[in-house]
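Peer 1: The following block contains a protein sequence and its predicted model.
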Amino acid sequence: MAVDIAQVKRLKDLTGVGLSDAKAALEASGGDFDAALKEMRTKGLTKAEKRSERSATAGIIGSYNHDNRIGVIVEVNCETDFVARNELFTTMVKDLAMHIAASNPQYLSRELVPEKEVKQIEAELVERAENEGKPKAMIAKIVAGQLDKYFAEHCLLLQPFIKNPDITVGDYVKEHNARLGENIVVRRFCRLALGEAN
C-alpha cells in the first residue's frame, strides 16, 4: 500500500526512528497513523530502557520563572555536550521546569520517597479502609491502588505530563531518550514559591 510521505516524515519526527522504519510501520498499520505511532513509541521506549544503563554526565540546568512568584531549577543529564546543546533537549528541559512549577511534585521518583513516610501513609490508608467497612480480603488491593495514586500525584516522573496528560513525565523523558539516542536522566529539581515555607 502507498503511504503519504508527509505522514512518514511526521512519524519520523515524533519518534526519532529512521524514514524506512517509519514507512514500514505505516504500511504495517494499513496507513493508521495512531497505530503506527503507538508501535514506534513502544519500540523506541524499549531501546530507551536499554540506554538507561549508560553514564549520563553532560547536560544542563534549566530554569523557569512564573510571574516572579514561582521559580524552578532542574538538572537534566545526557551523555554528550552535543545533545545537551540540541534544541530538542533544551526544549524538553524547559518543559520539565514548567511542569514542576505547575504540578509541584515533592519527590523525583517513587524510590526516593522516605520509607517512613510510605509506611505512615499506608497505615493511614489501611485504617481508613477498615473504618469504611471494606472487606478484609480487599483492603491490601485497595491500599495498593491508593498508594499508586499518591505516588502519581507526588513523584515527578509518575505525574501526568501537563502538555500531554496521556503520558507521564517519565514517558516524556523516555521519548526524548529514544529520539535523541542517548540516556537522559532527570537528576534533581528545586521549586520555590513566594511566601511558602520549605
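Peer 2: Arrived safely. All figures in this text were calculated on a predicted structure; none of them were measured in a lab.

Peer 1: Kindly report the domain assignment for the protein.
Peer 2: Each structural domain of the chain that the record assigns through automatic domain parsing is listed here as a residue range: 5-51, 58-108+155-193, 114-154.

Peer 1: Could you check how far the shortest one is from the centre of its chain?
Peer 2: In terms of CA atoms, centre = their mean, to the nearest Å, the centre of domain 114-154 is found 24 Å from the chain centre.

Peer 1: what do you get for the longest one?
Peer 2: The offset between the C-alpha centroid of domain 58-108+155-193 and the centroid of the whole chain comes to 8 Å, using CA atoms, centre = their mean.

Peer 1: Pull up the distance across it, start to finish.
Peer 2: Taking CA to CA, to the nearest Å, the span from the opening residue of domain 58-108+155-193 to its closing residue is 28 Å.

Peer 1: Check stretch 101-110 too.
Peer 2: Separation of the first and last residues of stretch 101-110 by CA to CA is 19 Å.

Peer 1: Output the domains of the chain as TSV; include the columns mean pLDDT.
Peer 2: Putting these into TSV (pLDDT from 0 to 100) gives the following:
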stretch	mean pLDDT
domain 5-51	72
domain 58-108+155-193	94
domain 114-154	89
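
Peer 1: In CSV: those, plus mean neighbour count.
Peer 2: C-beta: built from backbone N, CA, C; applies to glycine. Supplementary listing: those in CSV, determined by neighbours: other CB atoms under 10 Å:
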stretch, mean neighbour count
domain 5-51, 16
domain 58-108+155-193, 18
domain 114-154, 13
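
Peer 1: Pull the contacting residues for the closest residue to residue 158 other than its chain neighbours.
Peer 2: On the basis of CB to CB, 6 or more residues apart in numbering, the spatially nearest residue to residue 158 that is not a chain neighbour turns out to be residue 152, at 4.6 Å. Residue 152 sits next to 158, 159, 160, 168 when contact means CB atoms under 8 Å, 6 or more residues apart in numbering.

Peer 1: which one is residue 79 nearest to, not counting chain neighbours?
Peer 2: The spatial neighbour of residue 79 that comes closest, neighbours along the chain excluded (CB to CB, 6+ apart), is residue 182 at 4.3 Å.

Peer 1: And for residue 194?
Peer 2: Nearest in space to residue 194, with sequence neighbours left out and distances taken as CB to CB, 6+ apart, is residue 69 at 4.6 Å.

Peer 1: from what I can see the one you found touches residue 192, true?
Peer 2: No. Here residue 69 does not reach residue 192: they are 9.5 Å apart, not a contact under CB atoms under 8 Å.

Peer 1: Relative to residue 85, how far out is the closest residue to residue 86 other than its chain neighbours?
Peer 2: Spatial nearest neighbour of residue 86, chain neighbours left out: residue 180 (6.5 Å); criterion: CB to CB, 6+ apart. Distance, residue 180 to residue 85, by CB to CB, to the nearest Å: 11 Å.
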